[in-house]
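Peer 1: below is the sequence, then the predicted model.
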Amino acid sequence: MRHRFLPVLLFVVLGTLPLAAQEKSVKPGINKSFRNPDVKQFIERFEREGREIWDQREQTVRELGIKPGMAVADVGAGTGFMTMLFAKAVGKEGTVYAVDIAKNFLKHIEEEAQSQGLTNIKTVLASDTSSNLPANSVDLVFICDTYHHFEYPNKTMASIYKAVKPGGRLVLIDFERVPGKTSDWIMNHVRAGKDVFKQEIESAGFQFVEEKKGIFKSNYFLVFVKPAKG
């Protein structure tokens, strides 16, 4: 009898393979420089006056409305300057997950946290297809200057959706991409504009809440929520 079920079993197994491999990289090679980054060079690049994200970092934290005891995920943490601010905002009772695909960045964050006496930071090594965050672990996911680096956005967003607690929020900050106004470098580097990214995040299950304006000139600030029964 068991041999009769073998063809059916093979059909089921083989039939699921395309689902697991259905998504191709939307921007092959975009993360090449983050495979083994020189942390010092990226500190000079990321933590400098004139870069909007750096200049408005304090205001960004205020806009996020972070409260003591919250769990926050800094996805694409990079050199960790936002991670450190989040760690101070959530306090000793809170937790900040610093998520990145670069081990060098995570090591730097661990060292910086130790030097600042911050014990509430956990580093998470992400993969190209997953944030690797624990399920139902965070109240807020912060994705800044990072979403356009997601090579497999559908899979990565699925992992992030699982990580956010029902009623939790997701904030996206990324480059405005307006033909004729945006620089050629951004137009070539960032694969799509705000509307496309917004739609992808909504397709993952999040609901759009609002766009905060007046903070950035070259970036946008979108807020989403995971449905309370999601």
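Peer 2: Nice, thanks for sending it over. Residues are numbered from 1 along each chain as shown.
Peer 1: list the buried residues for the strand or helix carrying Ala87?
Peer 2: Using DSSP states H and E, Ala87 maps to helix 81-90. Using 16 or more other C-beta atoms under 10 Å as the test for burial, helix 81-90 gives Phe81, Met82, Thr83, Met84, Leu85, Phe86, Ala87, Ala89, Val90. Heads up, the C-betas are built off the backbone N, CA and C, glycines and all.
Peer 1: after it comes which helix or strand?
Peer 2: Downstream of helix 81-90, the next assigned helix or strand under DSSP H and E is strand 95-100.
Peer 1: just checking: what are the partner strands of that following strand?
Peer 2: Strand 95-100 has its sheet partners listed here by DSSP bridges as strand 71-75 (parallel), strand 121-125 (parallel).
Peer 1: now for Asp74, how many residues are close by?
Peer 2: Residues contacting Asp74 under the criterion other C-beta atoms under 10 Å number 28.
Peer 1: apologies, that question was intended for Thr182.
Peer 2: Thr182 sits with 15 neighbouring residues when counted by other C-beta under 10 Å.
Peer 1: not counting sequence-adjacent ones, nearest residue to it?
Peer 2: Distance criterion C-beta to C-beta, 6 or more residues apart in numbering; nearest residue to Thr182, sequence neighbours excluded, is Glu176 at 6.2 Å.
Peer 1: quick one: which of the buried residues of helix 81-90 is nearest Glu44?
Peer 2: Nearest to Glu44, judged by C-beta to C-beta, of the buried residues of helix 81-90 is Phe81 at 12.4 Å.
Peer 1: show the pLDDT at the closest residue to that closest one other than its chain neighbours.
Peer 2: Leaving aside its sequence neighbours, Phe81 sits nearest to Glu47 (C-beta to C-beta, 6+ apart; 5.5 Å). As predicted, Glu47 sits at a pLDDT of 97.
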